[in-house]
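Novice: Generate a structure from the sequence data that follows.
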Amino acid sequence: MEVPAEDISICIIEDDAHFRETFADVMALRGVTVRGAGTALAGLASLVQYKSSIVIVDVRLPDMHGFEVCRRIRHTAGLVGIPIILISASIRYNDPCDRVEGLLAGASAFLSKPITIEDLWAEICGVLKRPATEFA
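Specialist: Next up is the predicted model:
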């Protein structure tokens, strides 16, 4: 089932301010609400305050590893079923074992940077089509 763009809200936890702001600007043109945070703790606080349809988390954040962010989301009441997309620019996370670790931590998908906004949007739409029970 297609979710109308204007019904989607995204929390992006990404320390690259340029990527975060560009993503938010492009999504705003689609009518999507985006809340961004440059640190894991700020992102988790935002999620608790403003529940999102989906979360995008950079693996390498300044204050916490992205896998730990996933685990915290999966263990926080009210956030358990929110889909999470991990993104990483590090070639270290191209190894299948690391990707599996991210998925076991609670991610719904794992994408490598560089990634275009269009490819990320396509992944978001694909993940949101899955049954909500898949993420809990």
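Novice: What helices and strands are in contact with the lowest-mean-pLDDT helix or strand in the chain?
Specialist: Lowest by mean pLDDT, DSSP states H and E among the helices and strands of the chain is helix 96-105, with a mean of 85. On a contact count with 3 or more CB pairs under 8 Å, 6 or more residues apart in numbering; DSSP states H and E, helix 96-105 meets helix 66-74, strand 109-112. Backbone N, C-alpha and C define where each C-beta goes, glycine included.
Novice: Go through those and find the least confident stretch.
Specialist: Ranked on mean pLDDT, the bottom entry among those is strand 109-112, at a mean of 91.
Novice: ok, the residue most central in space within the chain to T76 distance?
Specialist: Residue closest to the average C-alpha location in the chain (CA atoms, centre = their mean): I56, at 1.3 Å. Counting by CB to CB, to the nearest Å, the gap from I56 to T76 is 17 Å.
Novice: what mean pLDDT does the top helix by length along the chain have?
Specialist: Across the chain, the longest stretch assigned as helix under DSSP state H is helix 17-30. Averaging pLDDT along helix 17-30 gives 95.
Novice: before we move on, the earlier item: shouldn't the residue nearest to the centre of the chain be within a strand?
Specialist: Yes - using DSSP: H, G, I helix; E, B strand; the rest coil, the secondary structure at I56 is a strand.
Novice: now it, nearest residue through space, not along the chain?
Specialist: I12 (4.4 Å; CB to CB, 6 or more residues apart in numbering).
Novice: ok, back up a step: I'd like to know which elements the longest helix of the chain is packed against.
Specialist: strand 9-13, strand 33-37, helix 117-128.
Novice: Can you list the neighbours in contact with the last one?
Specialist: Translated: helix 117-128. 2-3, 8, 10, 22-23, 26-27, 30, 53-54, 56, 83, 85, 87, 108-109, 111 (CB atoms under 8 Å, 6 or more residues apart in numbering).
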